[in-house]
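Q: just coords:
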Ligand code: ADP
Ligand code: MG
């Protein structure tokens, strides 16, 4: 199974749609433990990414992802924009010059994105952030692909792992970002960034499940 440039463009578009559809949901989650802007931030950022995609439609996958990342950094304030911006910029670095991705390249894409988020935000597993959804997703994806499994199956399992990681943020006390200002009162609420990160893997799984085998 190979992921083409058009598959990558379709994934970014599907993520933009998912963020628009979940805008109120993400904002409600952020209202409980943050400043009620995560839905607007992500929706605004990906609408800006969508507007940029025609200019890179003929470019390599690395350029497309780097452009998405730079657009997020320049259009989204707060923590989420720079963190997702770094995720996509780092994903673009490891896919530079590629017009197709083999399964191992897809693992490298998400792994680099996670490392970028960790480098930028310094969160560790259990801090109640997007890292709690992305880390298990990357681990699952790598395990399936390294075991010779199908990429589509790896992505489905990665999305399920991200969802479990997202749900596991509910009882946690936040140690990074705005939610950490609440201390113990942040427990009992699902982290908004972990939720948008689950949607990132869910849309990859849904979009690429039917990609050319
Ligand atoms: P802000 O908190 O500035 O309003 P957003 O609401 O867009 O930004 O994003 C909040 C999300 O960002 C949180 O739910 C969390 O998942 C994520 N986040 C915040 N700080 C960090 C960090 N240091 N590392 C990783 N993720 C973080
Ligand atoms: Mg916020």
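A: Thanks, I have the structure now. As the structure is a prediction and not an experimental result, all values here were calculated from the model. Ligands and ions are numbered 1, 2, ... in the order given.

Q: got a list of what the residue of the chain found nearest ligand 2 touches?
A: Residue of the chain nearest ligand 2, by CB to the ion: residue 34 (3.9 Å). Every residue, glycine included, has its C-beta placed from N, CA and C. Applying CB atoms under 8 Å, 6 or more residues apart in numbering, we find residue 34 in contact with 177, 178, 179, 192.

Q: count of neighbours near the residue in the chain positioned nearest to ligand 1?
A: Per CB to the nearest ligand atom, the residue of the chain with the smallest distance to ligand 1 is residue 193, at 2.0 Å. Neighbours of residue 193 under the rule other CB atoms under 10 Å: 33.

Q: what's the answer for residue 54, then?
A: Residue 54 is flanked by 9 other residues according to other CB under 10 Å.

Q: residues contacting it?
A: The contact partners of residue 54, by CB under 8 Å, 6+ apart, come to none.

Q: picking up where we left off before, what pLDDT does the residue of the chain closest to ligand 2 get?
A: Residue 34 carries a pLDDT value of 95.

Q: and what of residue 47?
A: Residue 47 is assigned a pLDDT of 98 by the prediction.

Q: before we move on, what about residue 213?
A: pLDDT for residue 213: 49.

Q: what's the answer for residue 1, then?
A: Value for residue 1, per-residue pLDDT: 82.

Q: So that it lines up with my notes, have the first residue be 22 from now on.
A: Sure, I'll start numbering at 22, so the last one becomes residue 22.
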